[in-house]
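Colleague: Got a sequence here, can you model it:
(chains A, B, C and D)
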There are 2 protein chains.
Amino acid sequence: MRDGSPQGTYKVQALDRAFAVLDLLGESETPLGLAQVASSLQLHKSTAHRFLMVLERHRMVERTSNGKFRLGLRLFDFGNRAIEQYDLRDRAQPHLRRLVAETEETAHLCILEAARVIYIDKIEPARSVRMITRIGASNPVHATSVGKAILAFLPEEKANDVIRRIRFERLTSRTIVTAEALHLELEKTHRRGYAIDDEELEEGLRCIAVPVLDAQRMPVAAVSISGPSFRVTAQKLPSIANHLLQCVRGICADMGYISSRSRSSSLSA
Amino acid sequence: MRDGSPQGTYKVQALDRAFAVLDLLGESETPLGLAQVASSLQLHKSTAHRFLMVLERHRMVERTSNGKFRLGLRLFDFGNRAIEQYDLRDRAQPHLRRLVAETEETAHLCILEAARVIYIDKIEPARSVRMITRIGASNPVHATSVGKAILAFLPEEKANDVIRRIRFERLTSRTIVTAEALHLELEKTHRRGYAIDDEELEEGLRCIAVPVLDAQRMPVAAVSISGPSFRVTAQKLPSIANHLLQCVRGICADMGYISSRSRSSSLSA
DNA sequence: ATAAAGCTTCTCATATGATGGGATGGGTGT
DNA sequence: ACACCCATCCCATCATATGAGAAGCTTTAT
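Modeller: Numbering: from 1, shown residues only, chains lettered A, B, ... in the order given. The predicted model follows:
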């Protein structure tokens, strides 16, 4: 009973509804009026209104000049508090910046949660076209280089726990969609020392990632470089991987993950 | 009736409680157990437990390995969505970076909400000791350079609305604690073109700020440089102000705030 | 080993507190 | 001026959250 938490029991209607409101506002590109919120969520006007007023009091939503609602900055506050614990982010930034300067492609810093990877930082090269990812967003482990990088260096036990939770959705023609194929890939990844996502998440996008291992050699995060396939070519992979490894080495040092005789075996280029 | 919202009416007990839980976890440095949460908030164990379970289902809180609770990464997601609307932040970053490189002191980007300024970005010089501010946090307008910078360039009307809401708390011996004194200071600020906080928020901390004006010349944000008083000396202020003005000019250009014959009058050095 | 204390998880009868029908009023466009 | 749409507000009803308490589980003390 210590595994997943399939039991959807424990309800507090009001909370579910409130979060549905926040979700809705978060999804919407533009601020929404009361009526829109109410009808989208099948709530009655008065109910939606009451919720919005309470949420506004807590600054979880705010109103635009024309009276419409959007997410409030309190959430921004909470979000930053939530991420603070992972001071990994702050410490990693300078290293990521150097990495981006070297490779001229977009770098991401991710951590694992359940069976998804969450983007906790992103650095883009000045000249590049913007990527669509948003910090805070998440993607499935099985279709990302960062996901595979972390999984490949997790102990069997833990890795299997995660893999069991994956819903292998197909995202492109190359997405890995079976646990067996994933296991094979992870083995290759471990030997190679870095993970590759060859258009498995998105057509035309190639990524390469390296895990950040803590003092106990447990992967706590991963750093990736992503770019259009025509720029991130197969020949360039080893060179990029080298930059990544160096970057991660710097992060580990900064985090105080003593390298002892450390990452020589499977993680040196 | 279009002014403040003093009416604390509109209650949804469940929501207030849930946010109290999040607040508590956000304040706490370390993760808390169920019992701690329940007693801190005077909730009964079962109630607190139910809330935490629901919050966990929504990933608003997560559990550490030893079963304690802390803020969840869903909040990080929401926070980033909330801030996304202000794409000001993204666009301003490179300019702030340059500013920090030039001045070698910490830069902040802030916006006004009610009678407080919210830090939406912070860039620190590599060598500096870390400042204690956290992105997402807020400070009262009357005791910050950014607050005064924005207020000083707001139309009378609006500025007074804000000032009326201020609870003039004293934070240091130099804090401005009366509306009259603040009005005088704002006038000086407007003429000068930049705002100064001379240890009014915190002993030993001196800041200087310039507002970011949109196409209608309305201040939408402010950029500041903060540093220890012994480094940010009176003589250096004009020079720093110049860097700030240049930085802000860049931001405005990037945001598409057409400068027309613009910021020549009161805001050029 | 065993007991005791402390904390979490779970169940259920109760009344508290959220609900939504509907009335009111303000704003906008025709 | 009229009609429409939308936000705000009120209040009787009952669905919902509540909290006392029992049962598990883990850790610490004896």
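
Colleague: does residue A:246 sit in a helix or strand, and which one?
Modeller: Taking DSSP states H and E as the definition, residue A:246 sits inside helix A:237-255.

Colleague: Quickly note the distance from the nearest residue to residue A:127 once chain neighbours are set aside to residue B:25.
Modeller: Excluding the flanking residues, the one nearest residue A:127 by Cβ to Cβ, 6 or more residues apart in numbering or on different chains is residue A:104, at 7.2 Å. Quick note: C-beta positions are derived from backbone N, CA and C, even for glycine. Remark: distance between residue A:104 and residue B:25 (Cβ to Cβ, to the nearest Å) = 40 Å.

Colleague: SS state for the residue of chain A most remote from its centre?
Modeller: Most distant from the centre of chain A: residue A:46, at 36.8 Å, with distances by Cα atoms, centre = their mean. Secondary structure, DSSP: H, G, I helix; E, B strand; the rest coil: residue A:46 is helix.

Colleague: Briefly note if stretch A:149-167 comes near chain B.
Modeller: No. In terms of Cβ under 8 Å from any Cβ of the partner chain, no part of stretch A:149-167 sits within range of chain B; the closest distance is 11.5 Å.

Colleague: tell me which residues in that stretch are buried?
Modeller: A:149, A:150, A:151, A:152, A:153, A:154, A:159, A:161, A:162, A:163, A:166 (16 or more other Cβ atoms under 10 Å in any protein chain shown).

Colleague: The first one reaches residue A:207, doesn't it?
Modeller: No. In terms of Cβ atoms under 8 Å, residue A:149 does not count as a neighbour of residue A:207; the distance is 9.7 Å.

Colleague: joint contacts of the two?
Modeller: Between them, residue A:149 and residue A:207 share these contacting residues under Cβ atoms under 8 Å, 6 or more residues apart in numbering or on different chains: residue A:224.

Colleague: which ones among the buried residues of stretch A:149-167 are found in helices?
Modeller: A:149, A:150, A:151, A:152, A:159, A:161, A:162, A:163 (DSSP state H).

Colleague: Which residue lies closest in space to the fourth one, excluding its sequence neighbours?
Modeller: In space, and not counting its chain neighbours, residue A:152 is closest to residue A:189: 4.0 Å by Cβ to Cβ, 6+ apart.

Colleague: Give me the number of neighbouring residues for the one you found.
Modeller: By the measure other Cβ atoms under 10 Å in any protein chain shown, the count of residues near residue A:189 is 22.

Colleague: tell me the contacts of it?
Modeller: A:148, A:149, A:151, A:152, A:195, A:196.

Colleague: ok, now how distant is it from residue A:246?
Modeller: In terms of Cβ to Cβ, residue A:189 sits 19 Å off from residue A:246.

Colleague: For the stretch 1-150 of chain A, which residues score under the pLDDT cut-off?
Modeller: Applying pLDDT under 70 to the stretch 1-150 of chain A flags residues A:1-8, A:128, A:130.

Colleague: Tell me the residues on it that lie near DNA strand D, please.
Modeller: By Cβ under 7 Å from any atom of the strand, the residues of the stretch 1-150 of chain A that approach DNA strand D are A:11-15, A:33-36, A:45-46, A:49, A:52-53, A:67-68.

Colleague: Next, give me the two most distant ones among the residues you listed.
Modeller: A:11 and A:67 (31.6 Å; Cβ to Cβ).

Colleague: Neighbour count for those two, which is higher?
Modeller: For residue A:11 versus residue A:67, neighbours defined as other Cβ under 10 Å are more numerous around residue A:11 (12 against 9).

Colleague: shouldn't that one be in contact with residue B:54?
Modeller: Yes. Residue A:11 lies in contact with residue B:54 (Cβ under 8 Å); the separation is 7.0 Å.

Colleague: Just the buried positions in stretch A:83-103, please.
Modeller: A:83-86, A:88-89, A:91-92, A:95-96, A:98-100, A:102-103.

Colleague: Can you narrow the residues you listed down to the ones near chain B?
Modeller: Among those, chain B is touched by A:83, A:84, A:85 when using Cβ under 8 Å from any Cβ.

Colleague: DNA strand D: which of the residues you listed is nearest?
Modeller: Of all those, residue A:85 has the smallest distance to DNA strand D: 21.6 Å, by Cβ to the nearest atom of the strand.

Colleague: Excluding chain neighbours, give the residue nearest to the closest one in space.
Modeller: residue B:70 (6.4 Å).

Colleague: roughly how far apart are residue A:139 and DNA strand D?
Modeller: 32 Å (Cβ to the nearest atom of the strand, to the nearest Å).

Colleague: my hunch is that that residue is in a helix, does that hold up?
Modeller: No. Per three-state DSSP, residue A:139 lies outside any helix segment and is strand.

Colleague: unless I'm mixing things up, it is touching residue A:202, no?
Modeller: No. Using Cβ under 8 Å, residue A:139 is not in contact with residue A:202, being 9.4 Å away.

Colleague: Show the backbone phi and psi for the residue most central in space within chain A.
Modeller: Residue closest to the average C-alpha location in chain A (Cα atoms, centre = their mean): residue A:118, at 1.9 Å. Main-chain dihedrals, residue A:118, degrees, to the nearest 10: phi -110, psi 130.

Colleague: Am I right that residue A:106 is in contact with residue A:119?
Modeller: No. Counting by Cβ under 8 Å, residue A:106 stays clear of residue A:119, with 10.8 Å between them.

Colleague: list the contacts for the residue in chain A that chain B sits nearest to?
Modeller: The minimum distance from chain A to chain B, using Cβ to the nearest Cβ, falls at residue A:79 (2.1 Å). For residue A:79, the contact set (Cβ under 8 Å, 6+ apart) comprises A:136, B:75, B:76, B:77, B:78, B:79, B:80, B:82, B:136.

Colleague: let's see 6 Å
Modeller: B:75, B:76, B:79 (Cβ atoms under 6 Å, 6 or more residues apart in numbering or on different chains).

Colleague: Just to be sure, which of those residues are found in helices?
Modeller: Per DSSP H, the subset of the contacts of residue A:79 in helices is B:75, B:76, B:79.

Colleague: Which single one of the residues you listed is nearest to residue A:221?
Modeller: So of those, ranked by how close each gets to residue A:221 (Cβ to Cβ), first place is residue B:76, at 13.9 Å.

Colleague: residues contacting the closest one?
Modeller: Residue B:76 touches A:79, A:82, A:83, A:136, counting by Cβ under 6 Å, 6+ apart.

Colleague: The helix holding residue A:246 packs against which elements?
Modeller: helix A:88-103, strand A:205-213, strand A:219-228 (3 or more Cβ pairs under 6 Å, 6 or more residues apart in numbering or on different chains; DSSP states H and E).

Colleague: mind putting these in JSON lines, distance to residue B:224 included?
Modeller: JSON lines is the format used below for the helices and strands packed on helix A:237-255 (distance: least, Cβ to Cβ, whole Å):
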{"stretch": "helix A:88-103", "distance to residue B:224": "20"}
{"stretch": "strand A:205-213", "distance to residue B:224": "33"}
{"stretch": "strand A:219-228", "distance to residue B:224": "32"}
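
Colleague: nearest to residue B:233, of those?
Modeller: That would be helix A:88-103 among these, by Cβ to Cβ, at 28.3 Å.

Colleague: Residues contacting the closest one, please?
Modeller: A:107, A:109, A:120-121, A:123, A:125, A:221, A:225, A:240, A:243, A:247, A:250-251, A:254-255.

Colleague: helix or strand right after that helix?
Modeller: Trace forward from helix A:88-103 with DSSP H and E and the next one is strand A:106-113.

Colleague: That next one vs strand A:219-228, what angle?
Modeller: Orientation of strand A:106-113 against strand A:219-228 (axes from the mean of the first three to the mean of the last three Cα atoms, to 10 degrees) gives an angle of 140 degrees.
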